[in-house]
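Student: With the input below, show me the fold.
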Amino acid sequence: MRKIEVVQHDLRWQEAFRIESKHVADALGEIVVTIHHIGSTAIPGIYAKPIIDILVEVQDITQVDEQSSAMESLGYEVMGEYGIPNRRFFRKDNQAGIRTHHIHIFEVGSAQVERHIAFRDYMIAHPEAAQRYSKLKRELAREYPQNIDGYMDGKDGFIKEMDKKAAQWYTIHNVGAHRRAP
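Tutor: From the prediction side, this is the model:
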């Protein structure tokens, strides 16, 4: 049972992403198209579980399976799709057993890629929504300190609401534009 902890935004998260994304790119090699920092640690100024979420885009998801041992050599646990079709998920703990990284791998063009990028970018562009999310996460961590399912279920309605807004906003603001990775 892991304690659910949300902490104040840490400017070192961006550097942690940069370093780890380089290791992941080296491990996966030429199958990598692009790598994005997603999740709450990618949104400045909000509380987050101190776990770096990395989204990797590849041309062919089945090629990721051939690289599982390379990811294991970086300390990642191979989780397969882990509840999301056509995803490859990896998670990593530090030597103390504390979760530090999640890797989500999807094929280029996956709706999941756009959903994650749109959510992140929407939150960055709408700090009031980001602060609502931050407050909700702090409340849920207090209410469910040892219950990840309760914590995740508590965020579900908000995330679905923001996903809808983010998708509309992203479509309007990114027509013809290239995605950026902060």
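
Student: going forward, measure contacts between C-alpha atoms and count neighbours the same way
Tutor: Fine.

Student: ok, residues contacting stretch 103-120?
Tutor: With Cα atoms under 8 Å, 6 or more residues apart in numbering as the test, stretch 103-120 has contacts from 33, 38-40, 42-43, 53-61, 86-91, 162-163, 166-167, 169-170, 179.

Student: Pull the distance from it to the chain's centre.
Tutor: Centroid displacement of stretch 103-120 relative to its chain, using Cα atoms, centre = their mean, to the nearest Å, is 9 Å.

Student: what's the first-to-last distance across it?
Tutor: 16 Å (Cα to Cα, to the nearest Å).

Student: Please enumerate the strands of this protein.
Tutor: According to DSSP state E, the chain carries its strands in the segments 32-38, 52-58, 76-78, 88-93, 99-107.

Student: got the angle for the second one vs strand 32-38?
Tutor: Using axes from the mean of the first three to the mean of the last three Cα atoms, to 10 degrees, one finds that strand 52-58 and strand 32-38 are set 150 degrees apart in direction.

Student: tell me what strand 52-58 is packed against?
Tutor: helix 12-28, strand 32-38, strand 99-107 (3 or more Cα pairs under 8 Å, 6 or more residues apart in numbering; DSSP states H and E).

Student: thinking again about what came up before, including mean neighbour count, could the strands of the chain go into TSV?
Tutor: Formatted as TSV, the strands of the chain follow (neighbours: other Cα atoms under 10 Å):
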stretch	mean neighbour count
strand 32-38	20
strand 52-58	23
strand 76-78	19
strand 88-93	20
strand 99-107	21
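
Student: Adding distance to residue 135 and mean pLDDT, write these out as TSV.
Tutor: Listed next are the strands of the chain as TSV, based on distance: least, Cα to Cα, whole Å; pLDDT from 0 to 100:
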stretch	distance to residue 135	mean pLDDT
strand 32-38	19	98
strand 52-58	19	98
strand 76-78	30	98
strand 88-93	26	98
strand 99-107	22	98
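
Student: out of those strands, nearest to residue 22?
Tutor: Nearest to residue 22, of all the strands of the chain, is strand 32-38, at 9.1 Å by Cα to Cα.

Student: Starting from the closest one, tell me which strands it pairs with and how they run.
Tutor: Partners of strand 32-38 in the sheet, by DSSP bridges, are strand 52-58 (antiparallel).

Student: what distance separates the strand it pairs with from the centre of its chain?
Tutor: 7 Å.

Student: Identify all contacting residues around that strand.
Tutor: Strand 52-58 is contacted by residues 13, 16-17, 21, 31-39, 41, 100-108, 113 when judged by Cα under 8 Å, 6+ apart.

Student: do the same with stretch 156-168
Tutor: With Cα under 8 Å, 6+ apart, stretch 156-168 has contacts from 115, 118-119, 121-122, 133.
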